Structures are given as structure tokens and as C-alpha cells.
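A.B. asks: Next one to model:
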Amino acid sequence: MSHYSIHGLSGHKNFSSCSAALPKHGSSHNTLSHSSKSASRGGHKLFHGFSSRSAQSVGSTSQKISMGSFHSGRSGHGSGFGGSGQGFGGSGCSGGIAEVTVNQSLLAPLNLEIDPSIQRVRTEEKNQIRGLNDKFASFIDKVRFLEQQNKMLETKWSLLQEQKIARCQIEPLFEAFISNLRRQLQNIGCERERLEGERNNMEQSVEELRRRYENYFEVTRRTAAENEFVGLKRDVDAAFMNKAELQAKADSLSDEINFLRTLYDAEISQLQSQISDTSVVVSMDNSRDLDLDGIIGEVRSQYEDIANRSRAEAETMYQSRFEELQTAAGRNGNDLQSSKNEICELNRAIQRLRGEIDSVKAQRSALESSINEAEERGEAAVRDAKGKLSELEAALQKAKQDMARQLRDYQELMNVKLALDIEITTYKKMLEGEEGSCKEQPHTSHVTKSSTLLLHFNIQGEGRIQGDIWGRLLLYKDKIQWVIAMENPYIVQIQGVTVISIHRHYATFIYYFYKVLLVFFGNCIAKVSL
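C.D. replies: Residues are numbered from 1 along each chain as shown. Predicted structure coming up:
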């Protein structure tokens, strides 16, 4: 329950008060009261104000809240808080404030000349006070509801603390239940993974089948869609042409109706003018035997004759106009049919050209792909050929080097063969000569002895050194100088070639040593001291 009162006086004094009784919430009752006052006097203004807010609730707690404030030009501000109907405040106010009762008769509007701006300000203040009262009431309800919730939670907390021992006894049951649920969750997770794998496999299979299906039926579906499109296009064209034809007929009929309406209006106006221009001469016969029926029939026959002539003329004109329109419609229909045929032919030609264009585009794309593939293959073949060419050039160079080396080896072998042939011939002659000497002079050879072995020779040009398995050393050249002093040497000279018979080991050593010198140094001058 709320009461509001506003009074306007001639001395700019006003008093307003507001009180609110909050609705019951359970077993509680709230009351809110507000009042303010201001006044001005003489040449100066004194602002006095008084306001109060009080809230009272009746319930199990029996609490009461009272707030008061007083504003004055001399006394500042005072506030108070009290419980159980008692309160205290600062300067300018003492004790609690009782609820303000407002007379309902004072709420009636007074016929006073008040400034509209002041009235608007007061209305706004009243609305603001009402809104603040509603907010304050809602805040009080929320506070009480939260207090009840707090008490309920405290009660639950106390009960839970008392039941702590019992909770400790049932904790193993909860743990067992939770472990069971975890095992079930793990099993469900494993099952989910398996099902997800199966689902992925099935999705892959479905995707593959769908792709195959689309690839298989794509051409058929496209052809069917094209045929359907052509049919629908033909139907749409036919419907459009039918619509155009019907529209033309409707336009012609409307034109004909307008023409006939105009014609009839003209005839009616003409008849009315004829009737208005006709002078009627009435001869009055005072005799009593007037033939009114005959006169009426004659007039009727005249008008019927006029109407028949007008009707005949209108029908004739309409018939001629209709025949002309029929002729034009037939001619236009033929033109329209020929235009339709031409349009159909053009549509078929367009469809055929589109198909040819698509086929040519497909051929072009195929040829471009073939050209690209051929270029790629050609480039790959060129790269392969270049690689093989480089390999063949390297192999050719290596073969040339091998051939040169083999030619050198062959030349060396030929030289060795020639030396061997010469040695064999020389040995043969030596053996033949020795056999002859042995027969004639058995002791023709001589032996020189010396205590030292010194071999010094000079080879100029291309020399050859060759030894046989018996330890003989053969040296042949145009100019050979020998100085030999060794123990028990055996020297034989045959046809300008000196043959030295020495021990087999010395001969082998000298043979290989001088062969290495001749191979690596070529033409040289060697001096060896042994």
C-alpha cells in the first residue's frame, strides 16, 4: 500500500510525502515512507526539506529499520538508525518518525495556475520517487530472501558437520562406485574408439562408392538433365507464346469492345439529336373517336424501324471489322507460327552449336594436356640423352686412355718379343759356335780373375736389356762400352755383341734393375757401382 500527496501553494511552498507498505513475503511486512518540504519567503529563499524512509516488517524476526534525514539552510544533515521502533539521529532530527498518513481528498487536482515546467518537474520527481521506492522494496525483498537462504545453508552446514562420521563410513562405497564407473568409462572409451574406427572405414567405403556412383552416373544424369532442360525450355517457350497469343486476343477483344461502346454511344447521341430536332405536329381532333393504339403503334413501328436500321448498320460494320480482324489474325498467326518455327530451329541450332563447342573445348583440353605431356616427355628424354651423352663421353675418354695404355703395353711387349727373338737367335748361334769350337779347340775360352766386381757402362739411345732363365745377360746397341772386373767371369763375344756369363742371381738382379730404369727414364746415362 502506498500514498502520495502533492500540494501547490501561492507562496511556492510545497510538501510531499511518500510511504510504502511492502507486500508480505512469508510472515514479513515492510513499510516505506518518504516526505520532503521546501519553502521560500520574502526577498530571500530558505530551503527546508524533510524526508524520511522507514521500513517495517512483521515476522518471526520482528526487525524494524528506520532512516531519516532533514535538510535546512541552517542545520545541515542528520541521519538515524533504530531497531525495534527506536531510533536516533544527528542535529535537526530526533528519535524515529511515525508513518505519514495522507488524506485522499487532498489528491484531487486544484484549479490553480501553475507553471507547466514546475508541474513537469514535480511529475518527474514523483516518478523518480516511485521508481526509487520500488527499487528499495525489491532490494529489501532480496535481502530478506538472501538472509533466509543464508540461514538455510547454515543449517545444512551444521547438519553436514554432525554427519561427518557417517560420511567417513560411506566413503569406500563411493570410491568403489567411482572406480566401477571409471572402468565402465574406460570400456566405453575403448568401444567408442573401435566404433569410430569402424565408422571411419564405413565413411571411406561410402565415399568411395559414392564417388564411383557419381562417376558412373554423371554422364547419364547430365544427359538427362540437358534433355529435361531442353524440354522445359520448349514448354516455357510454348507457354510464353500461348500467353502472348491470348494476350493479343484479349487486347483485340478489348479494342473491339471499346470500339463497339464508342459506336453505340455515337449512335445513341445521334438518335437523341434526331429526336430533339424532330418537330412533332399534333393535330387535335375534338372528336371523341381518337385511335390512340394506332398512333402508339405507328410511333413504335417508326422507332423499331430506326432501331433495326441502326442494328443492321452496326452488325454490318461489326461484321466487316470482325472479318478484317480475322484476316489480320490469320496473317499474324501464320507469321507467328513461322516465327515459332524459326525460333525452334534457332534453338536447335544453338543447342547443336553448344554441344559442338563443348566437344571442341574437350578436344582442346585433351590436346593441350597431350602437348604438355609430350613436352614433358621430350624434356625428360633430352635430359636423359644429355646424361647418357655425358656418360658416353666419359666412357669414350676412359676407353681412349685405356687404349693408349694398352698400346703402350703392346709396344713394350712387342719390344720385349723382338729382344727375345734376337736373344734366341744369338743363343742359337752361340750354341752352334760353341759346339764347333769344342770340336776343333776344346780350350779356346779364357777366364780372367779379379778380387773385385765393378760394372760401369754407358747406354745411349734406345737400349734393351734381356736375361734368360740361365742367368745370361744380353746387352745390344750400336755403342756399348764395358769395363768388367769380377771373380770368375765368363765373357763371350759373338758378332760384335758381348755376352757375359755370370751367376744366375747377379744376372736376374741386374736385369730387373735396368729394366725399371729404361721404362721410367727412357734415354739416360746410368752409372752403377757394385
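
A.B. asks: which stretches of the protein have low pLDDT?
C.D. replies: 1-115, 163-170, 213, 215-219, 221, 275-292, 437-530 (pLDDT under 70).

A.B. asks: Is the residue lying closest to residue 329 once chain neighbours are set aside in a helix, a strand, or coil?
C.D. replies: Sequence neighbours aside, residue 252 is the residue nearest to residue 329 in space, at 7.3 Å (criterion: CB to CB, 6 or more residues apart in numbering). Every residue, glycine included, has its C-beta placed from N, CA and C. Of the three states, residue 252 takes helix according to DSSP: H, G, I helix; E, B strand; the rest coil.

A.B. asks: ok, residue 252 touching residue 325?
C.D. replies: Yes. With contacts counted by CB atoms under 8 Å, residue 252 reaches residue 325, the gap being 6.1 Å.

A.B. asks: Could you name the helices and strands sitting against the helix or strand harbouring residue 312?
C.D. replies: For residue 312, the element it lies in under DSSP states H and E is helix 292-440. Under the contact criterion of 3 or more CB pairs under 8 Å, 6 or more residues apart in numbering; DSSP states H and E, helix 292-440 touches helix 164-277, strand 464-467, strand 472-476, strand 490-494, strand 497-501.

A.B. asks: what comes into contact with stretch 303-322?
C.D. replies: 256, 259, 260, 263, 264, 267, 271 (CB atoms under 8 Å, 6 or more residues apart in numbering).

A.B. asks: quick revisit: what about the residue nearest to residue 329, neighbour count?
C.D. replies: Residue 252 has 14 neighbours, counted by other CB atoms under 10 Å.

A.B. asks: cool, residue 133 as well?
C.D. replies: Every residue meeting other CB under 10 Å relative to residue 133 is counted, giving 20.

A.B. asks: Got the phi and psi for it?
C.D. replies: When read as degrees, to the nearest 10, the backbone of residue 133 gives phi -60, psi -40.

A.B. asks: Next: the one 3 residues further on.
C.D. replies: Listed backbone geometry of residue 136 is phi -60, psi -40, with angles given as degrees, to the nearest 10.

A.B. asks: do you know how far it is from residue 143?
C.D. replies: Taking CB to CB, to the nearest Å as the measure, residue 136 falls 10 Å from residue 143.

A.B. asks: which of those two has more neighbours?
C.D. replies: Using other CB under 10 Å, the more surrounded residue of residue 136 and residue 143 is residue 136, with 18 against 11.

A.B. asks: hmm, back to that, now render the helices and strands packed on helix 292-440 as a markdown table, adding distance to residue 307.
C.D. replies: As requested, the helices and strands packed on helix 292-440 are arranged in a markdown table below (distance: least, CB to CB, whole Å):
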| stretch | distance to residue 307 |
| --- | --- |
| helix 164-277 | 9 |
| strand 464-467 | 161 |
| strand 472-476 | 166 |
| strand 490-494 | 175 |
| strand 497-501 | 171 |
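
A.B. asks: Identify whichever of these lies nearest to residue 153.
C.D. replies: Of all the helices and strands packed on helix 292-440, it is helix 164-277 that lies closest to residue 153, at 17.0 Å by CB to CB.

A.B. asks: Please produce CSV containing the contacts of stretch 303-322, extended by distance to residue 390 and neighbour count.
C.D. replies: Below are those laid out as CSV (distance: CB to CB, whole Å; neighbours: other CB atoms under 10 Å):
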residue, distance to residue 390, neighbour count
256, 97, 14
259, 99, 13
260, 103, 14
263, 106, 16
264, 108, 12
267, 112, 15
271, 118, 14
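
A.B. asks: Let me have these in JSON lines, extended by distance to residue 198.
C.D. replies: Formatted as JSON lines, the contacts of stretch 303-322 follow (distance: CB to CB, whole Å):
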{"residue": "256", "distance to residue 198": "78"}
{"residue": "259", "distance to residue 198": "82"}
{"residue": "260", "distance to residue 198": "82"}
{"residue": "263", "distance to residue 198": "87"}
{"residue": "264", "distance to residue 198": "87"}
{"residue": "267", "distance to residue 198": "92"}
{"residue": "271", "distance to residue 198": "97"}
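
A.B. asks: Return the member of those nearest to residue 230.
C.D. replies: Distance to residue 230 across the contacts of stretch 303-322 (CB to CB) is lowest for residue 256, with 38.6 Å.

A.B. asks: Show the contacting residues for that closest one.
C.D. replies: With contacts taken as CB under 8 Å, 6+ apart, residue 256 has the following neighbours: 321, 322, 325.

A.B. asks: redo that, cut-off 10 Å
C.D. replies: Each residue near residue 256 by CB atoms under 10 Å, 6 or more residues apart in numbering is listed here: 318, 321, 322, 325.

A.B. asks: Ok, residue 360 next?
C.D. replies: For residue 360, no contacting residues are found, by CB under 10 Å, 6+ apart.

A.B. asks: Report the set of residues contacting both of residue 252 and residue 325.
C.D. replies: Listed as contacting both residue 252 and residue 325 by CB under 10 Å, 6+ apart are residue 332.

A.B. asks: thinking again about what came up before, next, format the contacts of residue 256 as TSV and append distance to residue 303 and neighbour count.
C.D. replies: Listed next are the contacts of residue 256 as TSV, based on distance: CB to CB, whole Å; neighbours: other CB under 10 Å:
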residue	distance to residue 303	neighbour count
318	22	14
321	26	15
322	27	12
325	32	15
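
A.B. asks: between the residues you listed, which is nearest residue 177?
C.D. replies: The closest of those to residue 177 turns out to be residue 325 (CB to CB; 97.1 Å).

A.B. asks: And the closest one, how far from residue 257?
C.D. replies: Counting by CB to CB, the gap from residue 325 to residue 257 is 12 Å.

A.B. asks: repeat for residue 335
C.D. replies: Residue 335 sits at a distance of 25 Å from residue 257 (criterion: CB to CB).

A.B. asks: got it, and residue 418?
C.D. replies: Applying CB to CB, one obtains 138 Å for the distance of residue 418 from residue 257.

A.B. asks: which residues does the residue nearest to residue 329 contact?
C.D. replies: Each residue near residue 252 by CB under 10 Å, 6+ apart is listed here: 325, 328, 329, 332.

A.B. asks: ditto for residue 324
C.D. replies: When contacts are taken as CB under 10 Å, 6+ apart, residue 324 is in contact with no other residue.

A.B. asks: try residue 237
C.D. replies: Listed by CB under 10 Å, 6+ apart, the contact partners of residue 237 are 340, 343, 344, 347.

A.B. asks: quick one: it and residue 340, what's the gap?
C.D. replies: Counting by CB to CB, the separation of residue 237 from residue 340 is 8 Å.

A.B. asks: ok, now residue 433?
C.D. replies: Distance, residue 433 to residue 340, by CB to CB: 133 Å.

A.B. asks: Then residue 327?
C.D. replies: 20 Å.

A.B. asks: and those two? which has more neighbours close in?
C.D. replies: Set residue 327 next to residue 340 and count neighbours by other CB under 10 Å: residue 340 wins out with 13 against 10.
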